[in-house]
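Student: Model the following, please.
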Amino acid sequence: MNIKLAAIIHGSDSSAAQTVLEIFITRLQSQGFRIGGLIATEYMRSDGTQDKCIRGIESGILYPIFQNLGNNSEACRLNPAGLATAANELLSLLEDPPDLAIINRFGVMEATGKGFFQEFLELISAEIPVLTLLNSSKYLQQWRAFTDNEATELAADLESLTTWFNTCIK
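Tutor: Below is the predicted model of the structure:
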């Protein structure tokens, strides 16, 4: 089985991979392709500080997915309720499939079967091409187990992404 799933592989710093993904999305949209899903971004919190969130590519809705646990907290700041709200945007793609679905990352939650794990499965089952980011120094083994080594692992460059996408739409 050849699943239409790929991860842009990066190390501990995802900024270069994130930039390539954003350029790729813009390029595909300018060619008339419909891209849906979620992408990482930042927003200004009510206290005036910046924080990370995810944004709906089509809706533009910002989903704060981190909790403010205070400056001295070492606990995981991910907010399961924020992730659940954002998941609805991914699930809506099943009703009106785009040419490509983006899930902001396969990370700590997905590596343990939580987060957007189920949404990955549902989009893949619907044969919608799915592209994500993957920190290979942390989650490569879990990714390969999740995909049964059937997903494509891509370098963070436009040529690799374009070649993969072209095979998905044939």
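Student: ok, Met109 - contacts?
Tutor: 78, 83, 115-117 (Cβ atoms under 8 Å, 6 or more residues apart in numbering). Where C-beta positions appear, they are placed from N, C-alpha and C, glycine not excepted.
Student: Where is the longest helix in this protein?
Tutor: Using DSSP state H, we find that the single longest helix of the chain is helix 15-30.
Student: The helix or strand bottoming out on mean pLDDT in the chain pairs with which strands, parallel or anti?
Tutor: In the chain, no helix or strand scores lower on mean pLDDT, DSSP states H and E than strand 50-56, which sits at a mean of 83. Note on strand 50-56: by DSSP bridges, its sheet partners are strand 35-44 (antiparallel), strand 62-63 (antiparallel).
Student: pLDDT wise, what is the nearest residue to Pro80 once chain neighbours are set aside at?
Tutor: Leaving out its chain neighbours, the residue that sits closest to Pro80 by Cβ to Cβ, 6 or more residues apart in numbering is Lys114, at 7.6 Å. For Lys114, the model assigns a pLDDT of 90.
Student: Make sure Lys114 is indeed in a helix.
Tutor: No - Lys114: not assigned to a helix; according to DSSP: H, G, I helix; E, B strand; the rest coil it is coil.
Student: What count of nearby residues applies to it?
Tutor: 13 (other Cβ atoms under 10 Å).
Student: quick one: the helices in the chain?
Tutor: 15-30, 80-92, 108-111, 117-125, 136-147, 158-168.
Student: Could you dump the strands paired with strand 50-56 into CSV with mean neighbour count added?
Tutor: Listed next are the strands paired with strand 50-56 as CSV, based on neighbours: other Cβ atoms under 10 Å:
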stretch, mean neighbour count
strand 35-44, 18
strand 62-63, 18
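Student: nearest to Leu91, of these?
Tutor: strand 35-44 (10.8 Å; Cβ to Cβ).
Student: chain center to the closest one: distance?
Tutor: 9 Å (Cα atoms, centre = their mean, to the nearest Å).
Student: now the contacts of Met109 as CSV including neighbour count and distance to Lys4?
Tutor: Listed next are the contacts of Met109 as CSV, based on neighbours: other Cβ atoms under 10 Å; distance: Cβ to Cβ, whole Å:
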residue, neighbour count, distance to Lys4
Leu78, 15, 27
Leu83, 18, 23
Gly115, 24, 20
Phe116, 25, 16
Phe117, 17, 17
